[in-house]
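**Q** Okay, structure incoming, though there's no sequence with it:
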């Protein structure tokens with residue numbers, strides 16, 4: 001075997017961890033991938049450039065004109081519509097070039113846009129609260145007036161429980177200038193309290209299976225950990241796990257946090273699917289090493305892709321723990 005071929009076979013996988021900041025989650029991911037023998041670059045996408053004369057049409061500061069073997073999307077930088085579109089386009093381009101991207105651009109888009117998430121989950125026949133997304137205030141007022149249930153007004157691109165408002169009457173709608181992007185995303189409120197406490201569930205899905213879960217408990221109806229909710233351990237619940245796996249498949253994701261709420265009759269409903277979930281509370285409640293699971297599953301998928309493409313790569317097999 002020529003020396004260059006031997007080096008190519010034995011080279012460890014090159015993993016790009018995409019993150020908006022080098023936070024605890026990004027550091028845990030880097031350590032987890034390195035523990036599996038991978039070479040890791042942690043970076044945002046702002047410095048990655050399109051260059052049609054480059055070997056692959058993309059140029060990475062850390063890789064030059066070479067490509068990573070896989071991309072692990074932790075978080076995406078915010079910015080202008082143009083900047084965010086360009087960064088998503090980089091993920092799309094990497095997928096077209098045959099690079100494993102997880103979650104890929106389409107799954108990220110499906111989850112960032114709550115309207116599309118609700119549409120896809122509903123189209124898959126999964127239980128989810130009825131939702132409406134409109135741009136007209138008059139339409140929003142008519143929807144609220146016609147409903148006998150309270151509604152939750154959410155920013156279409158919001159996260160971490162920020163900007164949520166409970167709407168019972170058309171008069172409860174905020175002034176037009178306070179509506180994020182001029183879009184009204186309204187979801188039927190099915191929450192209920194027990195002894196003055198509110199709760200819902202977060203189930204983490206990775207590579208087609210539920211790997212961790214928790215119950216989030218709060219003194220108010222907003223149960224996000226970032227808003228002060230407590231993370232509680234729960235016993236395995238096949239119904240919740242199966243629903244979370246199906247919701248993740250509906251949005252095209254492979255690593256997602258699925259928020260599930262049980263109504264007053266105990267029936268579970270999918271509220272949201274997050275393609276870039278944090279896991280501090282989940283790690284504490286479940287006792288699972290989420291970063292290690294993430295790294296192991298992504299490397300296992302990468303090894304499987306290599307085998308499918310008939311590319312011999314023992315380095316990938318060693319890193320993922322797979323048997324070739």
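**A** That came through, no problem. Nothing here was measured: the structure is a model prediction, and the numbers come from that model.

**Q** for the spatially closest residue to residue 163 that is not a sequence neighbour, what are its contacts?
**A** Setting aside the residues directly before and after it, residue 163 is nearest to residue 155 in space (C-beta to C-beta, 6 or more residues apart in numbering), at 4.5 Å. All C-beta spots, glycine's among them, are computed from the backbone N, C-alpha and C. Shown in contact with residue 155 (C-beta atoms under 8 Å, 6 or more residues apart in numbering): 162-163, 180-181, 185.

**Q** Tell me which of those fall in strands.
**A** Using DSSP state E, residue 185 are the members of the contacts of residue 155 that sit in strands.

**Q** residue closest to the middle of the protein?
**A** residue 275 (1.0 Å; C-alpha atoms, centre = their mean).

**Q** can you redo the contacts of residue 155 as JSON lines with pLDDT and neighbour count?
**A** Shown next, in JSON lines, are the contacts of residue 155 (pLDDT from 0 to 100; neighbours: other C-beta atoms under 10 Å):
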{"residue": "162", "pLDDT": "73", "neighbour count": "13"}
{"residue": "163", "pLDDT": "79", "neighbour count": "15"}
{"residue": "180", "pLDDT": "88", "neighbour count": "16"}
{"residue": "181", "pLDDT": "90", "neighbour count": "11"}
{"residue": "185", "pLDDT": "96", "neighbour count": "24"}
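
**Q** Output the contacts of residue 155 in a markdown table, with distance to residue 286 appended to each entry.
**A** Output for the contacts of residue 155, formatted as a markdown table (distance: C-beta to C-beta, whole Å):
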| residue | distance to residue 286 |
| --- | --- |
| 162 | 25 |
| 163 | 28 |
| 180 | 32 |
| 181 | 35 |
| 185 | 30 |
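
**Q** Walk me through the domains of the protein.
**A** When the chain is parsed with automatic domain parsing, its domains come out as 3-103+290-320, 131-188, 197-275.

**Q** show me where the stretch 201-324 of the chain has strands.
**A** 209-218, 230-232, 255-262, 268-274 (DSSP state E, counting those that start in this stretch).

**Q** got it, and the stretch 1-150 of the chain?
**A** Along the stretch 1-150 of the chain, the segments classed as strands by DSSP E, counting those that start in this stretch run 14-18, 39-43, 49-50, 58-59, 70-73, 100-102, 131-134.

**Q** got the buried residues for stretch 240-250?
**A** Buried residues in stretch 240-250, counted by 16 or more other C-beta atoms under 10 Å: 240-241, 243-250.

**Q** which ones among those are found in helices?
**A** When DSSP state H defines the helices, the subset of the buried residues of stretch 240-250 inside them is 240-241, 243-250.

**Q** could those residues be laid out in JSON lines, adding pLDDT and distance to residue 215?
**A** What follows is those, written out as JSON lines (pLDDT from 0 to 100; distance: C-beta to C-beta, whole Å):
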{"residue": "240", "pLDDT": "98", "distance to residue 215": "10"}
{"residue": "241", "pLDDT": "98", "distance to residue 215": "14"}
{"residue": "243", "pLDDT": "98", "distance to residue 215": "15"}
{"residue": "244", "pLDDT": "98", "distance to residue 215": "13"}
{"residue": "245", "pLDDT": "98", "distance to residue 215": "18"}
{"residue": "246", "pLDDT": "98", "distance to residue 215": "20"}
{"residue": "247", "pLDDT": "98", "distance to residue 215": "17"}
{"residue": "248", "pLDDT": "98", "distance to residue 215": "19"}
{"residue": "249", "pLDDT": "98", "distance to residue 215": "23"}
{"residue": "250", "pLDDT": "98", "distance to residue 215": "23"}
